[in-house]
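**Student:** model this:
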Amino acid sequence: MLRLLANAHVFAPEDLGVQHVLIGGERILGFVNDPDDVGAPGIEVIDLEGRRLVPGLIDSHAHITGGGGESGFASRVPPVFLSRFTRAGITSVVGVLGTDDTTRDTRSLVAQAYALREEGLSAWCHTGGYHVPPVTLTGSVRDDIVFVDPVIGVGELAISDHRSSQPTLDELLRIAGDAHVAGLITGKAGILHLHLGDGQRGLAAVRKALGQAEIPARVFNPTHVNRRAALFEEALDVAKAGSVIDITAFPVEDGDGAVEASLAVQHYIESGAPEYNVTVSSDGGGCLPTFDANGELTAMDIGSPSALPETLKRLLDAGVAPERALAPFTSNVARVLRLRRKGRIAPGMDADLVIFDEQHRVQHVMARGEWHVVDGAQRIYGRFEGPGK
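**Tutor:** Residues are numbered from 1 along each chain as shown. Alright, predicted model coming up:
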C-alpha cells in the first residue's frame with residue numbers, strides 16, 4: 001500500500017521544511033514535489049497541514065521482560081506491553097536485563113524482542129545483565145552477538161553499584177573487547193552498555209579503560225549518567241573523549257541530587273561536547289529503587305516509556321531547536337547502535353514516524369509503515385492487552 005503524508009513539516013531530525021512524504025510498505029520511498037503527481041490507484045493521502053513529522057523515537061534502554069526483583073519475588077515487574085511503547089512514540093526498542101539476571105535470562109529477553117517484532121515494533125536486546133560473568137544464551141558474549149539476530153551488544157553491566165559484581169578493570173576490558181570484535185564481524189553495535197550506580201567511584205573504571213586500552217571509546221556506553229550532578233559532569237568528559245553517554249528520563253525529586261533529563265540534555269548541548277555523543281532512554285519497565293545506607297530497599301517506582309516524549313516535550317517547550325532536541329532520541333541512538341534504517345526521515349529509511357500536535361504531544365504514530373496510534377487513540381495492541389483484556 002502507498003501512503004502520502006502531504007504538507008508535513010519534516011524534522012529529519014534536521015529541519016527540511018514542508019515536504020510531501022511518500023511511503024510504500026515499511027519504507028520511506030522519497031519526497032515528491034506535488035501530491036497531485038502521485039497518481040497510483042488506492043493511494044492513501046493524509047494532509048498534515050504543516051504539523052511536525054519526526055522520526056520514531058528509539059528507546060535504547062528498556063526492561064522489555066520487566067525489571068525489579070529487588071524486594072522479593074513479588075517485586076518482579078511484568079513485561080512491557082506493545083502499546084506502552086507506541087503510545088509514547090517509540091517505534092524501536094532495545095531490551096536489557098538488570099539486577100535480576102538469575103530468574104530472568106538472555107533467552108527470555110531474545111524471545112520478548114521477537115514477540116515485539118511480531119506485533120509491529122522494531123526490537124533488539126543486549127546479552128548479559130548486571131553481573132560478571134555475563135549471563136548468555138550460547139555461553140559466549142561474542143557468539144551471542146554474532147549468531148543471535150536481536151542481540152547487538154552487552155549490558156546493562158553494573159559498575160559503581162552495591163548490586164554489581166564489583167568487576168575489575170581487566171574483566172571490563174575483556175567483555176568490551178569481545179563485544180567490539182563481535183561488532184566488527186557482524187556490523188552490529190558491539191557496545192558495552194554500562195549501568196552506573198550511586199557509588200562514589202563513578203566512571204573511574206571507564207576513564208581508566210579509555211586511557212589504557214586500545215578498544216575504541218564508542219564501545220563504552222554508560223547509562224544513568226544523570227543520577228548525580230557530579231557523575232554527569234564526569235560523563236561530559238567521557239563524551240568528549242569519544243564515548244556515547246545515555247541520559248535516563250527518570251522522575252527526579254527535589255533534593256535527591258539527580259539532574260532532570262531535559263535539563264541534562266540542555267546542559268550537554270551547552271557543554272561543547274559532541275552533540276552526537278548523547279542519547280536519552282526511558283528505563284521503561286525497570287525498577288527505580290531507593291536504598292538506605294545499609295542497602296535496604298526503602299521505596300520503588302517503575303520506569304515508563306512515556307518519559308521519553310515527556311522529556312522531549314519539555315525540551316521543545318523550553319525553546320530548544322527541534323533538530324537539536326530530537327537527535328538524542330533518534331539519529332544519535334541509531335548511530336551508536338548502528339541501526340542503519342532508523343532514526344532519520346529519508347528515502348530508503350524505515351517508515352517509523354511520529355506526528356506531534358501544536359503542544360508537542362504525540363498525536364499519530366507509524367511503525368514499519370502501519371498506524372499504531374491515530375489522533376492519540378491506540379489502534380494496534382499487543383496480543384494480551386487492549387479493550388476487554
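**Student:** which stretch of helix or strand covers residue 207?
**Tutor:** Assigned by DSSP states H and E, residue 207 belongs to helix 204-212.
**Student:** just checking, what packs against that helix?
**Tutor:** Contacts defined by 3 or more C-beta pairs under 8 Å, 6 or more residues apart in numbering; DSSP states H and E place helix 204-212 against helix 169-186, strand 220-223, helix 229-240. Where C-beta positions appear, they are placed from N, C-alpha and C, glycine not excepted.
**Student:** Now that helix: buried residues?
**Tutor:** Under the neighbour-count criterion of 16 or more other C-beta atoms under 10 Å, helix 204-212 has 205, 206, 207, 209, 210 buried.
**Student:** Distance of the third one relative to residue 179?
**Tutor:** According to C-beta to C-beta, to the nearest Å, residue 207 and residue 179 sit 19 Å apart.
**Student:** domains of this structure?
**Tutor:** Listed domain ranges for the chain are 2-54+343-378, 55-337 (source: automatic domain parsing).
**Student:** just those domains: most buried one?
**Tutor:** Greatest average neighbour count among the domains of the chain goes to domain 55-337 (a mean of 21), per mean count of other C-beta atoms under 10 Å.
**Student:** That one: how far from the chain's middle?
**Tutor:** Distance of domain 55-337 from the chain centroid (C-alpha atoms, centre = their mean, to the nearest Å) equals 7 Å.
**Student:** Residue 42 and residue 1 touch, don't they?
**Tutor:** Yes. Here residue 42 reaches residue 1: they are 7.3 Å apart, a contact under C-beta atoms under 8 Å.
**Student:** Find me the pLDDT at the nearest residue to residue 382 once chain neighbours are set aside, would you?
**Tutor:** Distances taken as C-beta to C-beta, 6 or more residues apart in numbering place residue 82 nearest to residue 382, at 3.5 Å, with adjacent residues excluded. Looking at residue 82, its pLDDT is 97.
**Student:** Could you pull up the contacting residues of residue 82?
**Tutor:** Each residue near residue 82 by C-beta atoms under 8 Å, 6 or more residues apart in numbering is listed here: 116, 119, 120, 121, 380, 381, 382, 385.
**Student:** Let's have the residues you listed in a markdown table, adding pLDDT, distance to residue 165 and secondary structure.
**Tutor:** Below are the contacts of residue 82 laid out as a markdown table (pLDDT from 0 to 100; distance: C-beta to C-beta, whole Å; DSSP: H, G, I helix; E, B strand; the rest coil):
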| residue | pLDDT | distance to residue 165 | secondary structure |
| --- | --- | --- | --- |
| 116 | 98 | 29 | helix |
| 119 | 97 | 34 | coil |
| 120 | 97 | 37 | coil |
| 121 | 98 | 31 | coil |
| 380 | 96 | 40 | coil |
| 381 | 96 | 39 | coil |
| 382 | 95 | 34 | coil |
| 385 | 93 | 35 | coil |
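**Student:** residue ranges of the helices in the chain, please?
**Tutor:** Under the criterion DSSP state H, the chain carries helices at the ranges 82-86, 106-118, 141-147, 169-186, 204-212, 229-240, 261-271, 307-317, 322-326, 331-337.
**Student:** mind saving the C-alpha coords of the third one as PDB?
**Tutor:** So the one you mean is helix 141-147. Coordinates of each C-alpha in helix 141-147 appear next as PDB, following Å, rounded to 0.1, in the frame of the first residue of the first chain:
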ATOM      1  CA  VAL A 141      29.200 -12.900  24.700                       C
ATOM      2  CA  ARG A 142      30.900 -12.900  21.300                       C
ATOM      3  CA  ASP A 143      28.800 -15.800  20.000                       C
ATOM      4  CA  ASP A 144      25.600 -14.300  21.200                       C
ATOM      5  CA  ILE A 145      26.200 -11.100  19.200                       C
ATOM      6  CA  VAL A 146      27.400 -12.900  16.200                       C
ATOM      7  CA  PHE A 147      24.800 -15.700  15.900                       C
END
